[in-house]
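J.: My questions concern the predicted model and sequence given below.
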Amino acid sequence: MTSSLNDRDDVPAAGGAERHIPVLLAEVLEHLAVKPGGRYIDGTFGAGGYTGAILGQGGEVLAIDRDRTAIDAGQALVQASAGRLRLVEGRFSDLDAHAEAQGFLPPDGIVLDVGVSSMQLDQAERGFSFRFDGPLDMRMDQSGPDAATVVNNAPVNELTRIIGILGEENKAVRIARAIDAARKEAPIVTTRQLAEIIAKAAPQGGQRIHPATRTFQALRIFVNRELEELARALAAAESVLDEGGRIVVVAFHSLEDRIVKRFLQERSREERGSRHAPLVQSAVPSFELLTRRSVEPGEAETAVNPRARSARLRAAIRTSAPAHALDFRAVGVPILAGIPGPEAYA
């Protein structure tokens, strides 16, 4: 699968409308099995596409977003919902705490649309995209160290690993060295500066994507701790869903999708073994898969919304078994051993 920035950042939103198109909407609603009066958590509110559709089918929604801009923009939908929408600023990894605080337990379903939103990419001042020149920021909740802090202060060897592992960039060494040489001359503070440094160090050649795509992805993931947040959000969803509750996750790049896939697979297996190895009894399954393979958008959807082309949907239904312990390594969260969090570079 290609990365989210490959598919979201290189394709401009025609007339601004594309940013409001929820991806795989029909499939999300089908797997959530929305019912009138049912309670649903939208862990990634964004522009409110999924929330609006759930409300339209008679459901009640607790929507969460860590981006204050999305919360402010969603107030009109709150007013129009006749009390059926509660909009909360916060991280989706804390969805269990938010649901408890709002008296929204147990939910009938949870939907997560993972990664950066089209709205964020289209706002130059947020610094997520190299299509526009803006401050090198990339913070989803607009607090804590930004991407410029990491780019200008991380040691070269650590910057190399961040770009190589989180960006899946095979030219990470060359790019990190070029960044180091440039920052010795002057701080790197804008998206255009960084994109030009990368393009010069690692020319595009025959690649379909811009040379800076994977580095921007890596920095965004690192600054926002996106993969750890995703794993914690999945565990939080597991903890609040009762038997029969559903989880639907839409991911946009391979690192995200791998975590979702492994999380659900690990929690839906009863026993393991083969003719070469003894049978091993696993923990009692806490989920039953609704999708054996990921669901992808069809040609009709990608023709209307090109940014949807890398989307992958996975879904499962909760059993009565206790929630499993969360193991980052087991579910595929990359472990950057020896590299501190972004706060260490401030």
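T.: Structure received. Numbers count the residues shown, from 1 in each chain.
J.: Pull the helix or strand hosting residue 53 out as PDB, backbone CA atoms only.
T.: Using DSSP states H and E, residue 53 sits in helix 49-56. Once non-C-alpha atoms are left out, helix 49-56 reads as follows in PDB (Å, rounded to 0.1, in the frame of the first residue of the first chain):
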ATOM      1  CA  GLY A  49     -18.400  13.300   7.300                       C
ATOM      2  CA  TYR A  50     -18.900  10.000   9.100                       C
ATOM      3  CA  THR A  51     -20.600  11.800  12.100                       C
ATOM      4  CA  GLY A  52     -23.100  13.500   9.800                       C
ATOM      5  CA  ALA A  53     -24.000  10.300   8.000                       C
ATOM      6  CA  ILE A  54     -24.500   8.400  11.300                       C
ATOM      7  CA  LEU A  55     -26.800  11.200  12.500                       C
ATOM      8  CA  GLY A  56     -28.600  11.000   9.200                       C
END
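J.: now for that helix, which elements pack on it?
T.: helix 25-32, strand 39-42, strand 60-65, helix 75-80, strand 109-113 (3 or more C-beta pairs under 8 Å, 6 or more residues apart in numbering; DSSP states H and E). (C-beta placed from N, C-alpha, C; glycine too.)
J.: Distance to residue 210 for these - can I get that in a markdown table?
T.: A markdown table is the format used below for those (distance: least, C-beta to C-beta, whole Å):
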| stretch | distance to residue 210 |
| --- | --- |
| helix 25-32 | 28 |
| strand 39-42 | 31 |
| strand 60-65 | 28 |
| helix 75-80 | 34 |
| strand 109-113 | 24 |
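J.: So which of those is nearest residue 91?
T.: For the helices and strands packed on helix 49-56, the distance to residue 91 is smallest for strand 60-65, at 7.5 Å, taking C-beta to C-beta.
J.: Can you list the low-confidence ranges for the stretch 101-250 of the chain?
T.: 115-130, 206 (pLDDT under 70).
J.: in it, which spans are strands?
T.: 109-113, 246-251 (DSSP state E, counting those that start in this stretch).
J.: mind checking which of the ones you listed is nearest residue 151?
T.: Of all these, it is strand 246-251 that lies closest to residue 151, at 25.8 Å by C-beta to C-beta.
J.: Show me which positions of the closest one end up buried.
T.: Across strand 246-251, burial judged by 16 or more other C-beta atoms under 10 Å covers 246, 247, 248, 249, 250, 251.
J.: just checking, residue 176 touches residue 167?
T.: No. Judged on C-beta atoms under 8 Å, residue 176 makes no contact with residue 167 at a distance of 10.8 Å.
J.: on that earlier part again, nearest approach to residue 163 belongs to which of the strands of the stretch 101-250 of the chain?
T.: Short answer: strand 246-251, nearest of the strands of the stretch 101-250 of the chain by C-beta to C-beta, at 20.6 Å.
J.: Neighbouring strands - and their directions - for the closest one?
T.: Applying DSSP bridges, strand 246-251 is found paired with strand 109-113 (parallel), strand 312-318 (antiparallel).
J.: closest one to residue 82 among these?
T.: Closest to residue 82 of these, according to C-beta to C-beta: strand 109-113, at 20.4 Å.
J.: Might you quantify the distance of that closest one from its chain's geometric centre?
T.: Between the centre of strand 109-113 and the centre of its chain there are 12 Å (C-alpha atoms, centre = their mean, to the nearest Å).
J.: next one: stretch 75-93
T.: Using C-alpha atoms, centre = their mean, the offset of stretch 75-93 from its chain centre is 20 Å.
J.: before we move on, what about stretch 154-167?
T.: 20 Å.
J.: could I get the strands of the stretch 101-250 of the chain as a markdown table with distance to residue 28?
T.: Converted to a markdown table, the strands of the stretch 101-250 of the chain look like this (distance: least, C-beta to C-beta, whole Å):
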| stretch | distance to residue 28 |
| --- | --- |
| strand 109-113 | 6 |
| strand 246-251 | 5 |
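J.: which stretch among those comes nearest residue 172?
T.: strand 246-251 (22.6 Å).
J.: any idea which helix or strand comes after the closest one?
T.: Following strand 246-251 toward the C-terminus (DSSP H and E): helix 254-266.
J.: List the buried residues of that next one.
T.: Residues of helix 254-266 classed as buried: 254, 255, 256, 257, 258, 259, 260, 261, 262, 263, 264, 266 (neighbour count, 16+ other C-beta under 10 Å).
J.: got the residue ranges for the helices in the stretch 201-346 of the chain?
T.: 213-224, 226-240, 254-266, 299-304 (DSSP state H, counting those that start in this stretch).
J.: between the buried residues of strand 246-251, which is nearest residue 67?
T.: Among the buried residues of strand 246-251, and counting by C-beta to C-beta, the member closest to residue 67 is residue 250, at 17.3 Å.
J.: quick one: the closest one and residue 32 touch, right?
T.: No. The criterion here is C-beta under 8 Å, and residue 250 misses it with residue 32 at 11.5 Å.
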